[in-house]
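S.K.: model the following, please.
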Amino acid sequence: MVQERSLSPKILLFLLALFAVLWFGTIDYRKLIKPDEGRYAEIPREMVASGDWLTPRLNGIKYFEKPALQYWATATAFTLFGEYHWTARLWSAATGFLGVLAAWFAARRLWGRDAALYAAAVLGGSLFYSLIGHVNTLDMGVSFFLSAAVFAFVLAQRDPATPTENRSYMLGAWLALALAVLSKGLIGLLLPAATVVLYSLWQRDFGLWRRLHLLAGLALLIAVTAPWFVAVSAANPEFARFFFIHEHFERFLTKVHGRYQPIWYFLPILLAGMLPWLVSLFSAPWRAARRDPAVRFQPRRFLLVWVAVVFCFFSLSDSKLASYILPLFPALAALIGWHFAEISHRDPRALRWHALPLILLALGCLALARQVTRLASPEVPVALYAAYQPWLEAAGGALLAGALAAFAFSWRALPRAALISLAAGGLFFSQLILLGHDSLAPSNSAYAIDLRIRDQVKPGVPFYSVDTYDQTLPFYLKRTLTMVGYKDELGFGIDQEPGKFIPDLAGFAAAWRAAPDAWALMGPDTYRQFLAKGLPMQLVAQDTRRVIIRKP
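M.R.: Sure, this is the predicted structure:
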């Protein structure tokens, strides 16, 4: 048996630098994926273009579904570095990277160096966390701040914490909660509060409430969050009712957003999202639930309650999207990191039982990758899936290589090397799946269309979006479109400013005939309908999903 050496600070810094290169090195590669990446790139682009950083607008229309923190961060990146794919994704990637460091820091203070290394490796190599960290959505930002708050709370309440540490960490937790509220609203308070209440009831530990620094913490939270909420409400009287009632209570309690899914919806997402750590997903929580009789505050139990609260809260909601449960992943990774540290100290070869099932799973992924063309449809033909297939095969190969290396290292009683191999396999697996997405985009994607027409569309010329809306096109064209017929998530903003909207096709036809020059985006069926009516149109670009026309 080979004795594994402890990792020196230089090696740790090298691993961190390598991880940073791998994590940030791909964020400029792909085109924007609709709808989320287009939406959350376009809102900050319009902030920069208009100079109005107070009222969020999407396609020129008031958009109050979420607070403004990420919009400000991305608008700042656009201002400093320009409007690119990588600046659009920088906030998600940066907060995802910081989330890995937060898991490392918390596990280091709670359980030691090995647990810290394992926690960071588990989180950075998790399929779902890595995917969302490279997509421009709001979920990674709020996940980081919520996780930072939970980790800071645990460090503040742990038994060895001094009064100074308790106060410092708790104020850090309150600040993180404030930024979570500015990222995505009241869940930034509700979920942590529910966790503290349930943990207190479970442990019968109500003394921790005296160590929350409530007055100072609430003052800090209000000082950070209130200015924007007050200012945007003063400028837009309709904001408060829509944001606090519609976007929180009605979204959770009703099917108003059309995102209803069964109560078990998040279970397969959690199972698949924790690849390549599936085995530990079933064992670590049970061990974490055991009470440590030597201490008053139980960090593992608190983190476990947090995981359960996030999972159950969104499972009970009538509005579900896969990324909603992302905030539980850092805490779960910390628990799995602790679990790995415990079992590898007892048996340095224990990780082979985690790697062996993954070898079989990776072989299954390779087999499924060869069948991907069976998913072909009229909108996404066989040729596109055939172009995506090599990416999927490479992803499956990376996962298999990581699992095989982990098994070999574990067999030689090198648990750190084994875990890093698994994490690397998981990271490459997720990134290759995502990087190949451009293969599924037809040649006339929004980006390709923009390259063809950007020099032809003159400023001030009307550009209509007829009975459809491509979230990425305004960002690429660097301009807004006039909506025709289609409202969807823009409905509330359109109701506030109806003059920016054409309600029906007849109104569009009249506006089109009256304009000396105009452009339009529409679906193929709508195009054929206008063609039959003799509307003067020049076909500029088309694919299976959209048509771009210009007035001759």
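S.K.: make it CA atoms for all contacts and neighbour counts henceforth
M.R.: OK.
S.K.: domain parsing of the chain, as residue ranges.
M.R.: Per automatic domain parsing, the structural domains of the chain span 95-343, 347-441, 446-550.
S.K.: to Gly82, which of the ones you listed lies closest?
M.R.: Closest approach to Gly82 among those (CA to CA): domain 446-550, 12.2 Å.
S.K.: between the two ends of the closest one, how far is it?
M.R.: End-to-end distance of domain 446-550: 16 Å, with CA to CA, to the nearest Å as the criterion.
S.K.: and if you look at stretch 293-303?
M.R.: With CA to CA, one end of stretch 293-303 sits 17 Å from the other.
S.K.: same deal with stretch 374-381?
M.R.: 10 Å.
S.K.: that one: how far from the chain's middle?
M.R.: Centroid separation for stretch 374-381 versus its chain: 27 Å, with CA atoms, centre = their mean, to the nearest Å.
S.K.: can we start the residue count at 17 from this point?
M.R.: Noted, 17 is the first residue going forward, which turns the last one into stretch 390-397.
S.K.: and the pLDDT at Leu269?
M.R.: What the model reports for Leu269 is a pLDDT of 61.
S.K.: quick revisit: closest one to Asn75 among the domains of the chain?
M.R.: Comparing these by CA to CA, domain 462-566 comes nearest, at 4.8 Å.
S.K.: would you indicate which residues of stretch 325-334 are buried?
M.R.: By 16 or more other CA atoms under 10 Å, the buried positions in stretch 325-334 come out as 325-327, 330-331, 333-334.
S.K.: mind putting those residues into CSV with pLDDT?
M.R.: Listed next are those as CSV, based on pLDDT from 0 to 100:
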residue, pLDDT
Val325, 97
Val326, 97
Phe327, 97
Phe330, 93
Ser331, 94
Ser333, 86
Asp334, 80
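S.K.: am I right that Lys474 is in a strand?
M.R.: No - applying DSSP: H, G, I helix; E, B strand; the rest coil, one finds Lys474 to be coil, outside a strand.
S.K.: for the protein, give me the ranges with low pLDDT.
M.R.: 17-21, 264-276, 458-460 (pLDDT under 70).
S.K.: for it, which helix is longest?
M.R.: helix 398-427 (DSSP state H).
S.K.: now do the buried residues in that one.
M.R.: 398, 400-427.
S.K.: now stretch 385-396
M.R.: Applying 16+ other CA under 10 Å to stretch 385-396 flags 385, 389, 396 as buried.
S.K.: would you confirm that the last one contacts Leu456?
M.R.: Yes - counting by CA atoms under 8 Å, Leu456 is a contact partner of Val396 at 7.1 Å.
S.K.: contact partners for Phe169?
M.R.: 185-186, 189 (CA atoms under 8 Å, 6 or more residues apart in numbering).
S.K.: and which of those is nearest to Glu81?
M.R.: Nearest member of the contacts of Phe169 to Glu81, counting by CA to CA, is Ala189, at 24.9 Å.
S.K.: that closest one and Leu348, how far apart?
M.R.: Distance from Ala189 to Leu348, by CA to CA: 18 Å.
S.K.: can you list the strands that the helix or strand hosting Val556 pairs with?
M.R.: Assigning secondary structure by DSSP states H and E places Val556 in strand 554-558. Looking at strand 554-558 with DSSP bridges, its partner strands are strand 563-566 (antiparallel).
S.K.: what's the closest non-adjacent residue to Phe167?
M.R.: When the adjacent residues along the chain are set aside, Phe167 lies closest to Ala122, with 6.0 Å between them (CA to CA, 6 or more residues apart in numbering).
S.K.: that neighbour touches Ala131, doesn't it?
M.R.: No - look at Ala122 against Ala131 with CA under 8 Å: they stay out of range, at 9.6 Å.
S.K.: burial of Glu358, as a residue count?
M.R.: 15 (other CA atoms under 10 Å).
S.K.: distance check, it against Ser393.
M.R.: Counting by CA to CA - Glu358 and Ser393 are separated by 49 Å.
S.K.: can you report how many residues neighbour Val500?
M.R.: 24.
S.K.: who are the contact partners of it?
M.R.: 480-484, 517-521, 524.
S.K.: got a quick PyMOL command for the buried subset of these?
M.R.: Buried members of the contacts of Val500, defined by 16+ other CA under 10 Å, are picked up in PyMOL with:
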select buried, resi 480+481+482+483+484+517+518+519+524
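S.K.: quick one: which of the contacts of Val500 is nearest Ala366?
M.R.: The closest of the contacts of Val500, once distances to Ala366 are taken by CA to CA, is Thr484, at 54.3 Å.
S.K.: wait, the closest one touches Ala536, no?
M.R.: No - counting by CA under 8 Å, Thr484 stays clear of Ala536, with 10.5 Å between them.
S.K.: show me the helices in the stretch 67-216 of the chain, by range?
M.R.: 85-97, 101-127, 129-140, 143-148, 155-173, 179-200, 203-219 (DSSP state H, counting those that start in this stretch).
S.K.: mind checking which of those is nearest Thr542?
M.R.: helix 101-127 (31.0 Å).
S.K.: so for that closest one, what gets flagged as buried?
M.R.: When neighbours are counted by 16+ other CA under 10 Å, the buried residues of helix 101-127 are found to be 101-124, 126.
S.K.: and it, what does it pack against?
M.R.: helix 25-40, helix 52-66, helix 85-97, helix 129-140, helix 143-148, helix 155-173, helix 344-362 (3 or more CA pairs under 8 Å, 6 or more residues apart in numbering; DSSP states H and E).
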